[in-house]
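Participant: quick one: sequence plus predicted model below, questions after.
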Amino acid sequence: QVQLVESGGGLVQAGGSLRLSCAASGRAFSTTAMGWFRQAPGKEREFVAVISSSGGTAYYADSVKGRFTISRDNAKNTVYLQMNSLKPEDTASYYCAAKSSGSWFTTAGADFGSWGQGTQVTVSS
């Protein structure tokens, strides 16, 4: 089991940037693919990005491609989500998640066994 704690959320104007961090503890972080999801009020949870255990490969939702970057520092047991050119529709609670097993590539929340408590991102117009 991996314990995850997100930070870095806040209020930002449209066009601004934020960097979310997710600190992990527990089982080997460096062998675990990591993902970010988000959930806006009244909406279903949405995949944002996923990164392989080495950090060499990543995949993004179309809605954030070109604006968001997922990265990781295995020496610090931390995964990041750099969010640029933020839009009001990016407003949501953002959650990091650790994949349970198998191939790194997935967009399904059910494939992730550990979740953080979430951090709120609010983008004003």
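Facilitator: Yep, it's here.
Participant: correct me, but Val48 touches Tyr59?
Facilitator: No: contact between Val48 and Tyr59 fails when scored by CB atoms under 8 Å: they sit 10.1 Å apart. Placement of C-beta: from N, CA and C, glycine included.
Participant: pLDDT value on the residue sitting nearest the centre point of the chain, please?
Facilitator: The C-alpha lying nearest the average C-alpha coordinate of the chain belongs to Trp36 (CA atoms, centre = their mean; 2.2 Å). On pLDDT, Trp36 comes in at 98.
Participant: could you find the closest non-adjacent residue to it?
Facilitator: Val48 (4.2 Å; CB to CB, 6 or more residues apart in numbering).
Participant: so that neighbour belongs to a strand, correct?
Facilitator: Yes: assessed by DSSP: H, G, I helix; E, B strand; the rest coil, Val48 belongs to a strand.
Participant: which residues does it contact?
Facilitator: Counting by CB atoms under 8 Å, 6 or more residues apart in numbering, Val48 touches 35-38, 60-61, 64, 68, 70, 81, 94.
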